[in-house]
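K.L.:
Structure of the sequence below:
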Amino acid sequence: MKVGNAFPSKWLKAEEFPDNWKATLTIAKVTMEEVGKDDTKPVLWFKDKTKGFVLNQTNANTIADITGQDEMDDWRGARVLMYRTKVDYQGKRVPALRFEAVPDGQPKREELPPPAPFEAGDEDVPF
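P.N.:
Prediction:
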């Protein structure tokens, strides 16, 4: 058994995908989540996916450019192309997930049903 299988993560990671992997995904929401100890970061959630994707500054800026929206709440319904590549990190080439605009001719947005109403006990507070 691989270590990653023994300790599954609720976050998407580049290592889960094969080289040259690409997929068009629809952003369902962005939430602020506790990631690691004492660290809170924005997390992308995609339609029909159960794992979230922890955003870094590079990916957040790229999605803001793709959508034309600096407000992350306005990304809901935006379609993006996520792909696996390699990047330089601390002097090493490591796998990473990055984003680009969907190709011309594909819809840039998808209409999603309204979010479920807030109920006591929900993790996402609607403000």
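K.L.:
which stretches of this structure form helices?
P.N.:
3-6, 57-67 (DSSP state H).
K.L.:
pLDDT averaged over the longest one, what's the number?
P.N.:
By that I understand helix 57-67. Here helix 57-67 scores 97 as its mean pLDDT.
K.L.:
ok, now the first one?
P.N.:
Within the predicted structure, the mean pLDDT of helix 3-6 is 68.
K.L.:
Return the distance of K92 relative to K86.
P.N.:
K92 is 10 Å from K86, where distance means Cβ to Cβ, to the nearest Å. Where C-beta positions appear, they are placed from N, C-alpha and C, glycine not excepted.
K.L.:
Where does pLDDT dip in this structure?
P.N.:
Counting by pLDDT under 70, the chain contains low-confidence ranges at 2, 4-5, 118-127.
K.L.:
what's the spacing between D39 and T50?
P.N.:
22 Å.
K.L.:
can you check E100 too?
P.N.:
E100 is 24 Å from T50, by Cβ to Cβ.
K.L.:
quick one: which of these two has more around it?
P.N.:
When neighbours are counted by other Cβ atoms under 10 Å, E100 and T50 differ, and E100 comes out ahead with 14 against 8.
K.L.:
Surely that one is in contact with I66?
P.N.:
Yes. E100 sits in contact with I66 when judged by Cβ atoms under 8 Å, with a separation of 7.2 Å.
K.L.:
what residues do these two have in common as contacts?
P.N.:
Residues touching both E100 and I66 by Cβ atoms under 8 Å, 6 or more residues apart in numbering: V80.
K.L.:
how about the strands in this protein?
P.N.:
In the chain, strands defined by DSSP state E lie at 22-34, 40-46, 53-54, 79-89, 92-101, listed in chain order.
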